[in-house]
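*Asks:* Just the structure for this:
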Amino acid sequence: MTTTHPPVLFVGAGPGDPELITVKGRDALARADIIVYTGSLVPEAVLQWAAPQARTVNSAGLTLAEIIDTLADAWGAGKHVVRLHTGDPSLYGAIFEQMAELNQRSIPYRVIPGVTAAFAAAAAMGIEYTLPDISQTLILTRLAGRTPVPEKEALASLAAHQATMAIYLSVAMIDQVAAILQEAYGDKAPCAVVYKASQPGEKIIHTTLEAIAAELKHQKIDRQAIIIVGRVLEVGLEQFRQRSRLYDAGFSHGYRNAPES
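*Replies:* Purely as a prediction, here's the structure:
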């Protein structure tokens, strides 16, 4: 007999500001009968979009098996089930292992994307990661810690490209991060750290790679922060003269013809 139960929804909560969840994500929360959320990272303010009668479960202290059992039991009862992750669930969200478990139980699921912290950080700083003639590549990565990183993706190898980098889940190891980045970008290279991007406690720290470790220790920041490095941080609005081709009057494209010379 086929079931008409709604699929489990993996929803990206965004970086913390409850208004930075997507409309589709907000609507999913409003319909949910049960919301299993990552309480260590998702601010409870995001839960304001849930219906008053919805059951909320903080997964911070749960194992994978306990999370899956909770989702499966609610789905089996015909409930609208939301698994709420911080940022975008596809990035360091550990959702694939949950999908695999649901798949083993023949439980359908869907994913609703969210805004990740790197983009909230760029918005807070008023920067563009991909400036013409400066950088056209953004690397999202992390330093190896308790979670290993493939050898070919070691931070030193990626930093050698000197592209714009947004480094997640690594601020607690800032001494090691700074030493690696200094080898590629130089001691005096500007960098930034955004703590709790988009949230009430947001802090933006502009510094250099040689000073970043001491500054973060002084500010007592060792989690929930993203590290930004790259030449885009060297460019101020006053001196920026590079222009993209997109809006160049002399450049033709599918929606505009340049005047003939």
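
*Asks:* how about the helices in the stretch 151-261 of the chain?
*Replies:* Here the stretch 151-261 of the chain has its helices, by DSSP state H, counting those that start in this stretch, at 155-159, 174-185, 212-219.

*Asks:* do the stretch 1-150 of the chain as well
*Replies:* Using DSSP H, counting those that start in this stretch, helices in the stretch 1-150 of the chain cover 23-31, 64-76, 95-104, 117-125.

*Asks:* returning to what we had before: out of the helices of the stretch 151-261 of the chain, which is closest to A124?
*Replies:* Nearest to A124, of all these, is helix 212-219, at 16.1 Å by Cβ to Cβ. (Glycine included, C-beta is placed from N, CA and C.)

*Asks:* Next, the contact list for the residue nearest to S40 when sequence neighbours are not counted, please.
*Replies:* Of all residues beyond its chain neighbours, the one nearest S40 is A60 (4.2 Å), with distances taken as Cβ to Cβ, 6 or more residues apart in numbering. Taking Cβ atoms under 8 Å, 6 or more residues apart in numbering as the criterion, A60 is in contact with T38, G39, S40.

*Asks:* Throw these into TSV and include distance to V8 and pLDDT, thanks.
*Replies:* Below are the contacts of A60 laid out as TSV (distance: Cβ to Cβ, whole Å; pLDDT from 0 to 100):
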residue	distance to V8	pLDDT
T38	15	90
G39	18	89
S40	21	87
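
*Asks:* Highest neighbour count among those?
*Replies:* Highest neighbour count within the contacts of A60: T38, with 20 neighbours (other Cβ atoms under 10 Å).

*Asks:* isn't it right next to P89, touching?
*Replies:* No: in this structure, T38 is not within contact of P89 by Cβ atoms under 8 Å, at 9.5 Å.

*Asks:* Okay, domains of this protein per the record?
*Replies:* 8-112, 117-234 (automatic domain parsing).

*Asks:* so who does R110 touch?
*Replies:* By Cβ under 8 Å, 6+ apart, the contact list for R110 reads P7, V8, L9, F10.

*Asks:* Make a ChimeraX selection of the buried ones in these.
*Replies:* Restricted to buried positions by 16 or more other Cβ atoms under 10 Å, the ChimeraX selection for these reads:
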select :8,9,10
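
*Asks:* Now, the contacts of R110 that are in strands?
*Replies:* V8, L9, F10 (DSSP state E).
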